[in-house]
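>>> need the 3D shape of this:
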Amino acid sequence: MIQNMSTSSQKRIAIFGSTGSIGTQALDVIEANPDKFVAEILTAQTNDVLLIEQAIKFNPNCVVIGDETKYLKVKEALANTTVKVFAGEKALVEVASFQTYDMMLAAIVGYGGLKPTLAAVELGKPIALANKETLVIAGDIIMKKAAEKRVPIIPVDSEHSAIFQCLVGETRNKIDKIILTASGGPFLGKKPNYLVNVKREHALQHPNWSMGAKITIDSATLMNKGLEMIEAKWLFNLKPEQIQVVIHPQSIIHSMVQFEDGSIKAQMGLPDMKLPIQYAMAFPQRVSNNFPRYNFKHPNTLTFDEPDIKTFRNLALAQEALDKGGNIPCVLNAANEIAVYAFLKNRIGFLDITDVIDKTIHTIRFIENPTIEELFESDSEARSFAANIIKL
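I've put the predicted structure just below:
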């Protein structure tokens with residue numbers, strides 16, 4: 001067991017989504033830097049087994065299991081520890097309102113991450129943001145609240161971390177545009193006649209990154225890059241026309257910023273999520289580590305190309321949502337979550353994901369300046385509509 005006796009030099013991290021890909025890697029970073037970080041809060045939705053293992057190893061102040069049916073199992077397993085155990089969606093928000101942590105790592109996948117993140121911002125807690133959907137759904141509301149509370153939001157997505165790093169020291173210099181790089185996923189160069197037969201196991205084989213199932217499918221459809229465009233608008237206060245996507249199959253340049261003088265800054269490195277996780281948690285310091293370094297001999301060629309939005313129409317739909325604004329990004333995200341879930345359950349085909357999203361964003365009522373309650377309603381309506389199309 002790692003002794004959780006935090007000192008003033010240690011940053012107490014609340015990991016919301018500790019059993020997912022980002023959460024487990026964040027705990028690796030904490031374990032490697034016990035003098036700098038301590039795990040204060042851990043949460044999981046359904047993976048009680050791993051949550052119990054993590055709680056025994058890292059001895060946090062408390063844990064939350066989202067699935068209330070697993071509460072007793074977690075409670076009994078941790079009975080001989082000092083770890084407090086909570087369960088349910090409301091508990092996630094309540095624990096996010098605790099004063100005992102210094103930074104939230106928001107790593108819950110999808111819509112589920114919004115309410116706890118909003119609660120942490122309300123409390124004035126710095127956010128290491130790995131949940132892009134939070135800003136896709138309610139970027140205007142979250143960023144205004146963060147500004148009001150003077151809460152730093154430090155992105156963990158490799159692309160947004162890259163942009164953030166490129167902008168350090170550039171606060172007075174005007175951005176011309178940002179360039180988000182995309183690997184192109186496992187189906188780069190493929191056409192619809194190939195994609196119509198794609199199965200779940202094919203789509204989950206990402207060439208460069210090891211990620212959770214949902215984000216891996218989003219990467220395969222290019223929706224992930226579309227969501228990142230919307231997130232970037234809010235994170236960096238940009239107009240839609242200032243955001244460009246390029247295909248960069250090697251995933252060495254994580255993203256770029258072009259300034260008004262034409263100069264371009266790029267952040268480079270091997271595709272390893274531990275680096276942006278550590279950077280966000282330790283900011284403004286950089287912490288030494290033993291992560292693998294990029295060798296310019298391998299690969300010795302970096303290539304760039306335009307995305308094929310005729311084949312991968314999700315990127316075009318996300319661009320449309322970005323341009324239209326209002327509640328449409330929220331609707332886009334909800335429809336995508338339902339469609340990806342259905343694809344992962346082998347209920348629909350790969351290309352059907354796009355059709356479901358297309359129908360949903362062009363059916364649900366447009367609200368130009370939605371309140372948070374209207375966004376919750378739009379999310380619910382979009383999910384119901386998408387599920388009805390699929391007959392879930």
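
>>> for the nearest residue in space to Gly17 that is not next to it in sequence, what are its contacts?
Closest residue in space to Gly17, ignoring its immediate chain neighbours: Ala107 at 3.5 Å, by CB to CB, 6 or more residues apart in numbering. Any C-beta I mention is one placed from the backbone N, CA and C, and that applies to glycine too. Taking CB atoms under 8 Å, 6 or more residues apart in numbering, we find Ala107 in contact with Ile15, Phe16, Gly17, Ser18, Gly20, Ile22, Gly23, Ala26, Gly113, Ala130, Asn131, Val156.

>>> ok, Val257 next?
Shown in contact with Val257 (CB under 8 Å, 6+ apart): Ile163, Cys166, Leu167, Glu170, Ile175, Lys177, Ile178, Ile179, Ile264, Lys265.

>>> quick check: the two most widely separated of those?
Glu170 and Ile179 (15.2 Å; CB to CB).

>>> out of these two, which sits in the more crowded spot?
Using other CB atoms under 10 Å as the criterion, Glu170 and Ile179 rank with Ile179 on top: 20 against 12.

>>> which element is that one on?
Secondary-structure assignment from DSSP states H and E places Ile179 in strand 175-182.

>>> list the buried ones in that strand?
Neighbour-count burial for strand 175-182, with 16 or more other CB atoms under 10 Å as criterion, is recorded at Ile175, Lys177, Ile178, Ile179, Leu180, Thr181, Ala182.

>>> again with stretch 91-111
By neighbour count on 16+ other CB under 10 Å, the buried set for stretch 91-111 is 91-93, 95-96, 98, 101-111.

>>> please flag which of these sit within helices.
Using DSSP state H, Ala91, Leu92, Val93, Val95, Ala96 are the members of the buried residues of stretch 91-111 that sit in helices.

>>> would you turn those residues into a markdown table with distance to Thr303?
Formatted as a markdown table, these follow (distance: CB to CB, whole Å):
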| residue | distance to Thr303 |
| --- | --- |
| Ala91 | 47 |
| Leu92 | 42 |
| Val93 | 45 |
| Val95 | 45 |
| Ala96 | 42 |
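
>>> reformat the residues you listed as TSV; add pLDDT.
Below are those laid out as TSV (pLDDT from 0 to 100):
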residue	pLDDT
Ala91	97
Leu92	97
Val93	96
Val95	98
Ala96	97
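
>>> closest to Val340 out of those residues?
Lowest distance from Val340 to these (CB to CB) belongs to Leu92, with 21.7 Å.

>>> show me the contacts for the closest one.
Going by CB under 8 Å, 6+ apart, Leu92 touches Phe16, Thr43, Val64, Gly66, Ile108, Gly112, Lys115, Pro116.

>>> if I look at it, how far off is Ile65?
When CB to CB, to the nearest Å is the yardstick, Leu92 and Ile65 sit 10 Å from each other.

>>> mind listing the helices for the stretch 201-350 of the chain?
Using DSSP state H, counting those that start in this stretch, the helices found in the stretch 201-350 of the chain span residues 213-221, 223-235, 274-282, 313-324, 328-344.

>>> over to the stretch 51-200 of the chain?
71-77, 89-96, 114-123, 133-149, 158-167, 192-195, 200-203.

>>> longest helix in the protein, please.
Scanning the chain for the helix with the most residues, using DSSP H, yields helix 372-390.

>>> list of residues touching the lowest-mean-pLDDT helix or strand in the chain?
Sorted by mean pLDDT, DSSP states H and E, the helices and strands of the chain end with helix 200-203, the least confident at a mean of 89. For helix 200-203, the surrounding residues in contact (CB under 8 Å, 6+ apart) are Pro186, Phe187, Thr216, Ile217, Ala220, Phe343, Leu344, Asn346, Phe350.

>>> now those as CSV including distance to Lys297, pLDDT and neighbour count?
As requested, the contacts of helix 200-203 are arranged in CSV below (distance: CB to CB, whole Å; pLDDT from 0 to 100; neighbours: other CB atoms under 10 Å):
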residue, distance to Lys297, pLDDT, neighbour count
Pro186, 25, 92, 17
Phe187, 28, 94, 22
Thr216, 29, 90, 21
Ile217, 33, 94, 25
Ala220, 29, 94, 28
Phe343, 39, 96, 25
Leu344, 38, 95, 16
Asn346, 42, 93, 9
Phe350, 36, 96, 21
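
>>> nearest to Thr301, of the residues you listed?
Taking CB to CB as the measure, Thr301 lies nearest Pro186 of the contacts of helix 200-203, at 20.2 Å.

>>> not counting sequence-adjacent ones, nearest residue to that closest one?
Gln205 (5.1 Å).

>>> skipping adjacent residues, who's closest to Val287 in space?
Take Val287 and drop its neighbours on the chain: the residue closest to it by CB to CB, 6+ apart is Gln278, 5.8 Å away.

>>> before we move on, what about Lys70?
Of all residues not flanking Lys70 in the chain, Asp48 sits nearest, at 4.2 Å (CB to CB, 6+ apart).

>>> run a quick neighbour tally on that neighbour.
So Asp48, with other CB under 10 Å, has 22 neighbours.

>>> is it true that it touches Lys75?
No - using CB atoms under 8 Å, Asp48 is not in contact with Lys75; the gap is 10.3 Å.

>>> for the one residue sitting closest to the centre of the chain, which non-adjacent residue is closest in space?
Nearest residue to the geometric centre of the chain (CA atoms, centre = their mean): Asn131, 3.0 Å. Distances taken as CB to CB, 6+ apart put Gly113 closest to Asn131, at 3.6 Å, once the chain neighbours are dropped.

>>> nice, that's everything, thank you.
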